[in-house]
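**Q** Kindly return the folded structure for what I paste below:
(chains A, B, C and D)
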Protein chains: 2
Amino acid sequence: MAAKAFREPLSRERVLAAAVVLADAEGIKALTMRRLAADLGVEAMSLYYHLPGKEALLDGVVETVVAEIHDAVGRPDMTKPDGDWRTRLRQRFLAAREVMLRHPWAPGLLGSRRTIPAGVVAYYDGIVGTLVGAGFSYHLAHRALHAFGSLPLGFVQEIFSPASAGGGMEVDAAEADLTAMAEALPHLTAMVATEIHDVTDPTLGWCDGQVEFEFTLDLLLDGLERLRG
Amino acid sequence: MAAKAFREPLSRERVLAAAVVLADAEGIKALTMRRLAADLGVEAMSLYYHLPGKEALLDGVVETVVAEIHDAVGRPDMTKPDGDWRTRLRQRFLAAREVMLRHPWAPGLLGSRRTIPAGVVAYYDGIVGTLVGAGFSYHLAHRALHAFGSLPLGFVQEIFSPASAGGGMEVDAAEADLTAMAEALPHLTAMVATEIHDVTDPTLGWCDGQVEFEFTLDLLLDGLERLRG
DNA sequence: TAAGTTACCTTACGAGGTAAGGTACACAGT
DNA sequence: ACTGTGTACCTTACCTCGTAAGGTAACTTA
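**A** Residues are numbered from 1 along each chain as shown, chains lettered A, B, ... in the order given. Predicted structure coming up:
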């Protein structure tokens, strides 16, 4: 009966884990110091014992997501050329994408950080290792990194991305007033009319389906393969 | 002598222009309602006569930048195939990039909006027009749009991007403690050692030089050219 | 001249991050 | 037992920010 009314003490890890849960559940806007503290059953200022401030919290959250990618991708010391370099990178990037689909707020957060998480650097180191192991020059590997952009982390810069979850805008706009739209935007209208397909799948932004992601990925991988050697 | 102490009245356009100037000068974080009002010589609440609120202000700022791209790119009704489709798109994207280099905060802001500026849609309509005019199917044109990502707007998703201006991180990290870095990140270290070059040019984030941008662009354009027909 | 309209201001509230300092308890050494 | 010393959390308060509510002065129109 005299059960422990003690809560187990906080820690940086517990705080960060709770922050990820909060962001997943209610979006990155809901991740405030007061709200996070409330979710953890403490007051806001108590968080400052475990973290220097809000920026550090966000950095830590990013770090947590990157660690999740690391786990999903497997340790990056698989430099030994046991398979085609394209296949290996493809698998990594697609594994990263699965993580990102669980955290739709992560791409935006990652882009907003001004310091690069150490885990990301290590991750990219593995990519460079795979490339040079496959015969790429460091020069071309460098170019490749830039060309990949955020693909290794499982997302692409989507202009047509509602901040919340997936799709529907295409359909909405089409239903709004199709005639006016067809007049002002003849080519897009024609394209949409031809391309009305699975817009309702829950993905990372507008039309950023698995198919689109892999198309872009293969376009780059094939192009790089031609430049290799 | 009895010169007009009247200031000329505000307008949505003047407010938005001042907002762009502020963001250019001191970053997007400095763009608050009070600060913007002060720069315009009025009180914060006066802005609400011309704009519904902060979100509308940011939407308007994005709209302003997109309009600037439109001007730089030329009107998108140049659908007539007077040149190679690759050359035409390349020119557009590079013109857009020049605009973005003047507004380093714009990529992040664009990515954070949940509504798509109408100007962007019109711009992409022109791109689709160019593609289908060159023999692309609507299907492939759709894929191409996604593959391009934010390239048409003149930037790429840069993971290694300090929020402020360009470069230097590579050098900083290298100078920090090279030995420890070489141990933990062998491939990146080797690459950096091989690739130390113009990191000091003022560009959009880490290493996102003109060369890198064009490399990615051509990689995609060449890949699409092969898929055309 | 009275009523509206336009453009800007004053006041105030609540939410958010956080500086400064306080409290309660565990445990170590004397 | 007495007194640190450190850990983990709390209270209060300040400042910035967006913005709701309502006020005011000048100009227009009838």
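**Q** contacts and neighbour counts: CA atoms only from here.
**A** Fine.
**Q** so what's A:G119 up against?
**A** Shown in contact with A:G119 (CA atoms under 8 Å, 6 or more residues apart in numbering or on different chains): A:63, A:66-67, A:70.
**Q** now do 6 Å
**A** Neighbouring residues of A:G119 by CA atoms under 6 Å, 6 or more residues apart in numbering or on different chains: there are none.
**Q** For it, pull up the helix or strand it's in.
**A** helix A:118-133 (DSSP states H and E).
**Q** do the top helix by length along chain A and DNA strand C meet?
**A** For chain A, the longest helix by residue count, based on DSSP state H, is helix A:54-73. Yes. Under the criterion of CA under 7 Å from any atom of the strand, helix A:54-73 makes contact with DNA strand C via A:54-55.
**Q** mind exporting that helix as PDB, just the C-alpha atoms?
**A** The C-alpha coordinates for helix A:54-73 follow below in PDB (Å, rounded to 0.1, in the frame of the first residue of the first chain):
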ATOM      1  CA  LYS A  54      15.300  25.200 -25.800                       C
ATOM      2  CA  GLU A  55      17.900  25.100 -28.600                       C
ATOM      3  CA  ALA A  56      19.700  22.300 -26.800                       C
ATOM      4  CA  LEU A  57      16.400  20.500 -26.600                       C
ATOM      5  CA  LEU A  58      15.800  20.700 -30.300                       C
ATOM      6  CA  ASP A  59      19.400  19.700 -31.000                       C
ATOM      7  CA  GLY A  60      18.900  16.700 -28.800                       C
ATOM      8  CA  VAL A  61      15.700  15.800 -30.500                       C
ATOM      9  CA  VAL A  62      17.400  15.900 -33.900                       C
ATOM     10  CA  GLU A  63      20.200  13.800 -32.400                       C
ATOM     11  CA  THR A  64      17.600  11.300 -31.200                       C
ATOM     12  CA  VAL A  65      16.100  11.000 -34.700                       C
ATOM     13  CA  VAL A  66      19.500  10.600 -36.300                       C
ATOM     14  CA  ALA A  67      20.300   7.900 -33.900                       C
ATOM     15  CA  GLU A  68      17.100   6.200 -34.900                       C
ATOM     16  CA  ILE A  69      18.200   6.400 -38.500                       C
ATOM     17  CA  HIS A  70      21.500   4.900 -37.500                       C
ATOM     18  CA  ASP A  71      19.700   2.000 -36.000                       C
ATOM     19  CA  ALA A  72      17.400   1.500 -38.900                       C
ATOM     20  CA  VAL A  73      20.300   1.800 -41.400                       C
END
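**Q** before we move on, the earlier item: how about residues contacting the helix or strand following the helix holding A:G119?
**A** Next along the chain after helix A:118-133, taking DSSP H and E as the criterion, comes helix A:138-148. Here helix A:138-148 makes contact (CA under 6 Å, 6+ apart) with B:191, B:216.
**Q** Stretch A:8-21 too?
**A** Contacting residues not belonging to stretch A:8-21 are listed as A:50, A:61 [CA under 6 Å, 6+ apart].
**Q** what comes up buried for that stretch?
**A** For stretch A:8-21, burial by neighbour count (16 or more other CA atoms under 10 Å in any protein chain shown) applies to A:15-16, A:18-21.
**Q** Looking at the residues you listed, spot the one nearest DNA strand C.
**A** A:A19 (11.3 Å; CA to the nearest atom of the strand).
**Q** Roughly how far does the closest one sit from chain B?
**A** In this view, A:A19 and chain B are 20 Å apart by CA to the nearest CA, to the nearest Å.
**Q** And the strands in chain A?
**A** Here chain A has no strands by DSSP state E.
**Q** Contact distance from chain B - what residues of it qualify?
**A** Contact residues, chain A versus chain B (CA under 6 Å from any CA of the partner chain): A:114, A:125, A:128-129, A:138, A:147, A:149-150, A:157-158, A:162-163, A:185, A:187-188, A:191, A:216, A:219, A:223.
**Q** Filter the residues you listed down to the buried ones, ChimeraX style.
**A** Entered in ChimeraX, the line below selects the buried ones among the residues of chain A next to chain B, by 16+ other CA under 10 Å:
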select /A:125,128,129,138,147,149,150,157,158,162,163,185,187,188,191,216,219,223
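**Q** Tell me where chain A is predicted with low confidence.
**A** Along chain A, the parts satisfying pLDDT under 70 run over A:1-6, A:75-82, A:159-177, A:197-208.
**Q** and it, which residues reach DNA strand C?
**A** Selection of chain A residues close to DNA strand C by CA under 7 Å from any atom of the strand yields A:30-35, A:44-45, A:53-55.
**Q** want to try TSV for the buried residues of stretch A:8-21, with distance to B:E8 as columns?
**A** Formatted as TSV, the buried residues of stretch A:8-21 follow (distance: CA to CA, whole Å):
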residue	distance to B:E8
A:V15	52
A:L16	51
A:A18	52
A:A19	48
A:V20	49
A:V21	51
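**Q** taking those one by one, which sit in helices?
**A** Going by DSSP H, the helices hold A:15-16, A:18-21 from those.
**Q** Among those residues, which one lies nearest to chain B?
**A** Nearest to chain B among these is A:V20, at 19.1 Å by CA to the nearest CA.
**Q** about what we covered before: quick check: the two most widely separated of the residues of chain A next to DNA strand C?
**A** Within the residues of chain A next to DNA strand C, A:A30 and A:M45 form the most distant pair, 17.2 Å apart (CA to CA).
**Q** which residues of chain A fall in helices?
**A** Using DSSP H, helices in chain A cover A:12-26, A:33-40, A:54-73, A:85-102, A:106-112, A:118-133, A:138-148, A:169-176, A:178-184, A:186-195, A:210-227.
**Q** mind checking how far A:A180 is from DNA strand C?
**A** 29 Å (CA to the nearest atom of the strand, to the nearest Å).
**Q** ok, how many other residues are close to that residue?
**A** 11 (other CA atoms under 10 Å in any protein chain shown).
**Q** Next, count neighbours for the residue nearest to A:A134 when sequence neighbours are not counted.
**A** Distances taken as CA to CA, 6 or more residues apart in numbering or on different chains place A:W85 nearest to A:A134, at 6.2 Å, with adjacent residues excluded. Neighbours of A:W85 under the rule other CA under 10 Å: 20.
**Q** still on that earlier bit, looking at the helices of chain A, which is nearest to B:E212?
**A** B:E212 lies closest to helix A:138-148 among the helices of chain A, at 6.4 Å (CA to CA).
**Q** Also compute the angle for the closest one relative to helix A:210-227, please.
**A** If you take axes from the mean of the first three to the mean of the last three CA atoms, to 10 degrees, helix A:138-148 sits at 160 degrees to helix A:210-227.
**Q** and helix A:138-148, which residues are buried?
**A** Buried-residue list, helix A:138-148, by 16+ other CA under 10 Å: A:138, A:140-148.
**Q** again with stretch A:30-42
**A** A:31-37, A:40.
**Q** Look up how far A:A72 lies from the residue nearest to A:A134.
**A** A:W85 sits 18 Å away from A:A72, going by CA to CA, to the nearest Å.
**Q** what does A:I196 give?
**A** Here the criterion is CA to CA. By it, A:I196 lies 33 Å from A:A72.
**Q** who's more crowded, those two?
**A** Per other CA under 10 Å, whichever of A:I196 and A:A72 has more neighbours is A:A72, with 17 against 10.
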